[in-house]
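Colleague: Let's see this in three dimensions:
(chains A and B)
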There are 2 protein chains.
Amino acid sequence: VSAQVVGIFGTGLIGGSIGLRLRAAGTRAIGYDADAQALDEARRVGAIDEAVTHEELYAQADTIVIAVHLDGTLSEIARLSARPPERVQLIVDVASVKRPVCAAAERLARFVATHPMAGSERSGAAAARADLFESRTWAYVPSAGAGLDERARSFIASLGGVPFAIGAEEHDRIVAFTSHVPQLLAWAYADQARERFGDACEPLAGAAARELLRLGRSEMTMWREILRANRANVARELRAFIRRLDRESEVPPAVR
Amino acid sequence: VSAQVVGIFGTGLIGGSIGLRLRAAGTRAIGYDADAQALDEARRVGAIDEAVTHEELYAQADTIVIAVHLDGTLSEIARLSARPPERVQLIVDVASVKRPVCAAAERLARFVATHPMAGSERSGAAAARADLFESRTWAYVPSAGAGLDERARSFIASLGGVPFAIGAEEHDRIVAFTSHVPQLLAWAYADQARERFGDACEPLAGAAARELLRLGRSEMTMWREILRANRANVARELRAFIRRLDRESEVPPAVR
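Modeller: As a prediction, this is how the structure comes out:
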């Protein structure tokens, strides 16, 4: 079941990249964003066919992608749970933590919680790329319905992503280590680079340093919500990592 | 002054990549490696025109690249200092720390200490790539002679590298942070991934996690010598980084 019209709620980097990819494949993408400038930017860069109102989005779309920050995602899910949209066949979100989302969406029909393992230190539709999800894992939390899950998998595959089924708790436990801790490392690393070396680091940065410095430029707004929502997992993995590094720094490198 | 024949002492990943690049540009590259298998591999993958003996290398080459691990680099420099080669116009090394190299090479004429900011978690000529140094910083420590430095810069540029002049002390202080600490982070990260998550990390790894896991597969042999040689700088930067992370883990993510 391929969607005829996809409605993108939140036309930032992720929503914009989804729109670009859909439109490249000939699928109609409409978009709404509470931020009029963000919505206009998405239209300007060709990420959506049309900017619509919040009401029009749900009235016209077959598939809805909620692509706003975590707090906004939770509010929208609460709103939809109270007044379920009639026309829509599939609703997915793309937030980086899945436990709070799944808990909030417990009574929302036709919803599948998902998380594309792709992003950028940049934000906004101007940084969107049609190939952002190409061959990247796109996690989803299996719902109660096999037909609904198949619909979600097809949608993910249509965007170039590789569908990956995982439970919400396990997802959050693993991404704490594979995504959230690296973000904290990156901020600490970028801070240390700036304070101790200024710009002198850049030319001598190896691949890992370049990646940490790049990630260290990520804006904190979005991350603050993610880290708060996943704080127990993040704190546990970060503390374990620090203990491990501590052992390394006590043992002189010579005898490693 | 473009070299007619380049002699590569140590035909591993770096030496092999230098050879591939030189030969692609029509420059003759001859090679020697104390490990007969490594030398044979370099010849098989086309990284050198000819495998020669240690004596032939210095008798036939205009430029010599010492591309072995740090300890081997220091021994070769000591040997050359005692009995300087007559024919050779330029000798460079490629080791990751520069202070010990520059100290050892104090009485060696026509020598310039260099360090290409490129590498791989793989080793050996089979992993060599002609474009390994393309547009990458290639640091060098300015010597006493302007003509000699110009020769080194030309050689670096001929390999696709971007020559970058820096003092030996400053180089070692900076790479401790931009290269050596990230290697320690990567090993700790890869260990934690393996012990706590097994293979479950891979599909959910973001860009930074992938880079750390990749780097975490680097062999320790080469690194042990580098970390020992630069231990004061590495320990200082690693401890500062741990203190910074510690502060992050004490402050709940919510209030960051």
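Colleague: hang on, isn't A:D71 packed against A:E225?
Modeller: Yes: using C-beta atoms under 8 Å, A:D71 is in contact with A:E225, at 5.2 Å. To be clear about C-beta, it is placed using only N, CA and C from the backbone, and glycine gets the same treatment.
Colleague: For the residue of the stretch 1-150 of chain A found nearest chain B, grab phi and psi.
Modeller: Chain B sits closest to A:T137 of the stretch 1-150 of chain A, with a gap of 4.4 Å, by C-beta to the nearest C-beta. Main-chain dihedrals, A:T137, degrees, to the nearest 10: phi -60, psi 140.
Colleague: got it, and A:Y32?
Modeller: phi -140, psi 140.
Colleague: what sits opposite it in the beta ladder?
Modeller: With DSSP bridges as the criterion, A:Y32 is bridged to A:F9.
Colleague: In this structure the residue of the stretch 1-150 of chain A closest to chain B contacts B:P203, no?
Modeller: Yes: counting by C-beta under 8 Å, A:T137 does reach B:P203; the two are 4.4 Å apart.
Colleague: The two: who's more crowded?
Modeller: In this view A:T137 and B:P203 are compared by other C-beta atoms under 10 Å in any protein chain shown, and A:T137 has more residues nearby, 20 against 16.
Colleague: residues in contact with the closest residue to A:A200 other than its chain neighbours?
Modeller: Excluding its sequence neighbours, the residue lying closest to A:A200 (C-beta to C-beta, 6 or more residues apart in numbering or on different chains) is B:I174, at 5.8 Å. Residues in contact with B:I174 (C-beta atoms under 8 Å, 6 or more residues apart in numbering or on different chains) are A:197, A:200-201, A:204, B:166.
Colleague: mind giving me a markdown table with those and columns for secondary structure?
Modeller: Shown next, in a markdown table, are those (DSSP: H, G, I helix; E, B strand; the rest coil):
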| residue | secondary structure |
| --- | --- |
| A:F197 | helix |
| A:A200 | helix |
| A:C201 | helix |
| A:L204 | helix |
| B:I166 | coil |
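Colleague: How far away from the center of its chain is stretch A:119-137?
Modeller: 10 Å (C-alpha atoms, centre = their mean, to the nearest Å).
Colleague: related to what we said a few turns ago, how about a markdown table for the contacts of B:I174, with neighbour count, distance to A:R21 and pLDDT added?
Modeller: What follows is the contacts of B:I174, written out as a markdown table (neighbours: other C-beta atoms under 10 Å in any protein chain shown; distance: C-beta to C-beta, whole Å; pLDDT from 0 to 100):
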| residue | neighbour count | distance to A:R21 | pLDDT |
| --- | --- | --- | --- |
| A:F197 | 18 | 39 | 95 |
| A:A200 | 15 | 39 | 91 |
| A:C201 | 21 | 35 | 92 |
| A:L204 | 22 | 37 | 95 |
| B:I166 | 21 | 43 | 97 |
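Colleague: now, which of these sits nearest A:A38?
Modeller: A:C201 (32.7 Å; C-beta to C-beta).
Colleague: okay, A:D71 and A:E225: which has more neighbours?
Modeller: A:E225 (22 against 16).
Colleague: what kind of secondary structure is that one in?
Modeller: Note that with three-state DSSP, the state of A:E225 is helix.
Colleague: residue of the stretch 51-200 of chain A with the smallest distance to chain B?
Modeller: For the stretch 51-200 of chain A, C-beta to the nearest C-beta, closest residue to chain B: A:P182, 3.8 Å.
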